[in-house]
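>>> turn this into a structure:
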Amino acid sequence: MTRTMSLNLLLALPIPPLASSCIWQPCYAVLQSWVSKKFMTGCVVLFPVAVTFLVTWWFIQFVDGFFSPIYARLGVDVFGLGFLTSLLFIYFVGIFASSWLGATVFWLGEWLIRRMPFVKHIYSASKQISTAISPDQNTSAFKEVAIIRHPRLGEYAFGFITSSVILQRDNGDEELCSVYVPTNHLYIGDIFLVNSEEILRPNLSIREGIEIIVSVGMTMPQVISPVQRIPHQGNRIPLNRIM
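Numbering: from 1, shown residues only. Sure, this is the predicted structure:
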């Protein structure tokens, strides 16, 4: 009986504030850390979904806006009809451009644009980007993805092989590859002439290389392995031309 009364008296005593804070502070810290981690996990999961949805929705509205005003004047209000019409228009433009007549018409239009003082620079930059990702391998500006030692020993940079040349020297010919290394934007960068034997050719396509550059390296694969080197047939440059 005495022991029971003593235990009840101890339980009835108020807990000192210091002891109470010592108990709740670790629990609050653990709870706060758990909530923060779960919230950040939700943000990480939803961020790419939200970006993909917003970009896709913007693209659909942008493409749909070309022919939607025409259908609106005709009294036709069907969601997505302008978008489908734009896709069909782009498809038929591709068919027309592949023909001899279409190639001639586009060549004349390009000739006129290149004579305009300010517009020609914008057209030239956009044409280089579109040519780089062209599905036609014969006209693609970027031949291969390359990794070169830059800017110093032990550091590497991603680039794209655009062409190759043969440098004629007294002690033998040397094959040099023109490697384009983007800096800030894809269409702004530096050109390096690198010995073909010093270039690392990873197993990456041109599109994958562009994705790595545009995403500032966030789409970098965890493992990169080299591919078998294919000899390039380049132009010959005599040594006396650059001396």
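>>> now stretch 161-176: buried residues?
161, 162, 164, 165, 166, 167, 174, 175, 176 (16 or more other C-beta atoms under 10 Å). Glycine gets a C-beta too; all of them are placed from N, C-alpha and C.
>>> just give me the closest of the residues you listed to residue 109.
residue 162 (25.1 Å; C-beta to C-beta).
>>> my guess is residue 33 is in a strand, correct?
No: counting by DSSP: H, G, I helix; E, B strand; the rest coil, residue 33 is not found in a strand; it is helix.
>>> distance check, it against residue 40.
Distance of residue 33 to residue 40, computed by C-beta to C-beta, to the nearest Å: 11 Å.
>>> for residue 210, same thing?
From residue 210 to residue 40 the distance is 29 Å (C-beta to C-beta).
>>> sorry, back to before: for the buried residues of stretch 161-176, which one is nearest residue 57?
residue 162 (35.6 Å).
>>> narrow the buried residues of stretch 161-176 to those in helices?
Assigned to helices by DSSP state H, none of those qualify.
>>> what's the farthest-apart pair in those?
Farthest pair in the buried residues of stretch 161-176, by C-beta to C-beta: 162 and 174, 17.9 Å.
>>> mind listing what residue 68 touches?
Going by C-beta atoms under 8 Å, 6 or more residues apart in numbering, residue 68 touches 81, 82.
>>> likewise residue 209?
Residue 209 neighbours (C-beta under 8 Å, 6+ apart): 142, 145, 158, 160.
>>> one more pass at 10 Å, please.
For residue 209, the contacting residues are 132, 142, 144, 145, 146, 147, 158, 159, 160, 182, 202, by C-beta atoms under 10 Å, 6 or more residues apart in numbering.
>>> ranking those by neighbours, who comes first?
residue 159 (27 neighbours; other C-beta atoms under 10 Å).
>>> assign that residue to helix, strand or coil.
Classified using three-state DSSP, residue 159 is strand.
>>> does it have beta-bridge partners, and which?
residue 146 (DSSP bridges).
>>> assess the claim that it and residue 202 are in contact.
No: judged on C-beta atoms under 10 Å, residue 159 makes no contact with residue 202 at a distance of 11.0 Å.
>>> identify the contacts common to the two.
With C-beta under 10 Å, 6+ apart as the test, residue 159 and residue 202 both reach 144, 145, 146, 147, 209.
>>> residue 195: how many residues sit nearby?
So residue 195, with other C-beta under 10 Å, has 12 neighbours.
>>> same deal with residue 180?
Close neighbours of residue 180, defined as other C-beta under 10 Å, add up to 20.
>>> look at residue 172 and report its pLDDT.
Model confidence at residue 172, given as pLDDT, is 78.
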